[in-house]
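Let's see this in three dimensions:
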Amino acid sequence: MELREETRDKAILLIDKLYNENDLRDEDLLWLLDNMNKKEKEYMFSLSKKTRDKYYGKNVYLRSLIEFTNYCKRECIYCGINAYNKKANRYRLTKEEIVEACKNGKSLGYNTFVLQGGEDPYFTDEKMCEIIKEIKRIDPNCAITLSMGERSYESYKALKDSGADRYLLRHETSNPDYYKWLHPKSVLDTRVECIKNLKKLGFQTGTGIMVGLPGYTNKDYVRDLRFIKTISPEMVGLGPFITHKDTEMREYKSGDIDTTLTILSMVRLLLPKVLLPATTALASIAENGRKAGLDVGSNVIMPNLTPVEYRGDYMLYNSKKSSGSESAQALNMIKNELDSFGYICNMSRGDSKMCVE
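Residues are numbered from 1 along each chain as shown. Predicted structure coming up:
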């Protein structure tokens with residue numbers, strides 16, 4: 001009994017230290033992951049939510065997501081649009097369709113546009129720079145976020161010079177052997193170099209992981225948390241691993257919401273000013289996933305403004321949550337939902353507080 005009480009006291013002391021100092025030794029992070037009970041996790045969640053509120057209040061920033069291509073040259077064995085999935089129904093939006101989707105988003109009040117796609121060689125620097133400039137003509141003050149994989153330093157520079165503001169490039173895992181298993185023809189070092197190049201060029205840079213990968217250990221999560229803390233990205237996108245029926249990993253068990261919330265909470269405490277989405281994957285794996293993510297410190301949602309006829313084809317994993325309703329209807333639903341949760345729908349650019357030290 002006395003030993004259990006000592007363990008509980010240690011958990012609270014470490015959680016308080018993480019909250020007050022925004023860091024812990026790796027061995028202490030591992031101890032928490034190995035030993036926290038439900039009550040202690042709830043206490044940590046309350047502090048990560050309090051940390052979010054300190055810097056962002058109850059604001060939840062809405063980004064307009066446009067999934068502009070599901071062609072991809074990469075071999076990621078977990079992803080439904082990987083190059084080897086012959087069952088994927090491929091599509092590419094035209095420049096006109098992308099710009100029209102952004103105009104639609106602007107008319108609804110969005111001020112950030114997230115262009116997400118596979119690594120599609122069709123979208124050269126020249127094509128992407130034209131698209132970025134067209135979107136900036138709609139609103140020179142809007143924020144453009146790109147998420148289109150690994151490119152050269154020169155490519156990233158061209159995109160930045162054309163007006164792109166942010167870039168999302170998840171590393172998925174910081175374990176090089178595990179990364180190689182997930183991406184048989186790729187290496188982690190290349191991904192890390194890309195992330196560093198993006199930061200060097202002045203992008204507001206996002207990275208992140210999948211939670212609940214098969215065989216993953218708490219030591220792996222600590223390694224990921226340390227990587228994220230060291231890189232200090234302005235945005236961290238993480239959500240549960242969810243299987244896709246047409247991939248090599250279809251027989252594995254998907255990640256769970258409890259572990260995902262625990263890692264989300266720790267990221268918020270390690271990087272108090274970070275932008276932290278409540279991802280679509282989180283909303284897809286649990287009925288209350290979005291609210292649960294917000295309640296542990298998330299503060300970004302990315303409603304999908306991809307033309308409705310293409311949405312079902314951008315299927316990275318099974319059971320992806322998506323609204324088939326018109327954009328205005330979907331936005332009103334989100335606003336009402338956030339209001340019912342006690343949050344404020346904020347459609348400004350919503351730059352990371354890490355950019356204003």
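
how near is Asn141 to Ala88?
From Asn141 over to Ala88 the distance is 36 Å, taken as CB to CB, to the nearest Å. Yep, even glycine has a C-beta here, placed from its N, CA and C like the rest.

So between these two, which is more surrounded?
Ala88 (21 against 7; other CB atoms under 10 Å).

Just the pLDDT for the closest residue to that one other than its chain neighbours.
Excluding the flanking residues, the one nearest Ala88 by CB to CB, 6 or more residues apart in numbering is Ile81, at 5.5 Å. On the pLDDT scale, Ile81 is placed at 91.

ditto for Asn304
pLDDT, read off for Asn304, is 89.

where does it fall, phi/psi-wise?
Backbone torsions of Asn304, given as degrees, to the nearest 10, read phi -90, psi 120.

Could you report the neighbour count for it?
Asn304, neighbours per other CB under 10 Å, totals 22.

Please name the residues that touch the nearest residue to it once chain neighbours are set aside.
Leaving aside its chain neighbours, Asn304 sits nearest to Leu65 (5.0 Å; criterion: CB to CB, 6+ apart). Listed by CB atoms under 8 Å, 6 or more residues apart in numbering, the contact partners of Leu65 are Val114, Gln116, Met302, Pro303, Asn304, Leu305, Thr306.

Mind putting those residues into TSV with distance to Ala164 and secondary structure?
TSV is the format used below for these (distance: CB to CB, whole Å; DSSP: H, G, I helix; E, B strand; the rest coil):
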residue	distance to Ala164	secondary structure
Val114	11	strand
Gln116	13	strand
Met302	16	coil
Pro303	20	coil
Asn304	20	strand
Leu305	18	coil
Thr306	19	coil
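
Check those residues against Cys72 and report the nearest one.
Gln116 (11.4 Å; CB to CB).

Can you give me the distance of that closest one to Tyr167?
Counting by CB to CB - Gln116 and Tyr167 are separated by 11 Å.

My read is that the residue nearest to Ala88 contacts Lys73, right?
No - applying CB atoms under 8 Å, one finds Ile81 not in contact with Lys73, separated by 10.6 Å.

between these two, what contacts are shared?
Gly118.

between these two, which one's more packed in?
Ile81 (26 against 13).

Which secondary structure state is assigned to that one?
Following DSSP: H, G, I helix; E, B strand; the rest coil, Ile81 is assigned to coil.

residues contacting the closest residue in space to Ser352 that isn't next to it in sequence?
Distances taken as CB to CB, 6+ apart place Glu234 nearest to Ser352, at 3.8 Å, with adjacent residues excluded. If you count contacts by CB under 8 Å, 6+ apart, Glu234 has them with Arg166, Gln204, Thr205, Gly206, Val274, Leu275, Ser352, Met354, Cys355.

Look up how far Leu93 lies from the third one.
Noted for Thr205: a distance of 24 Å to Leu93, by CB to CB.

what's the answer for Asn336, then?
29 Å.

neighbour-wise, which of these two wins?
Taking neighbours as other CB under 10 Å, Asn336 and Leu93 compare with Leu93 leading, 22 against 11.

Let me know the pLDDT of Leu3.
Leu3 is given a pLDDT of 51.

which stretches of the chain aren't confidently modelled?
Where the chain drops to pLDDT under 70, the residues are 1-4, 315-327, 356-357.

now the helices for it?
Using DSSP state H, the helices found in the chain span residues 2-21, 26-35, 38-56, 95-108, 125-138, 153-161, 176-182, 188-200, 218-231, 257-270, 280-285, 289-295, 308-311, 327-341.

List of residues touching the last one?
Going back to what we said before, that points to helix 327-341. 60, 62, 104-105, 108-109, 290-291, 294-295, 301, 303-305, 323, 325, 344-345.

Lovely, talk soon.
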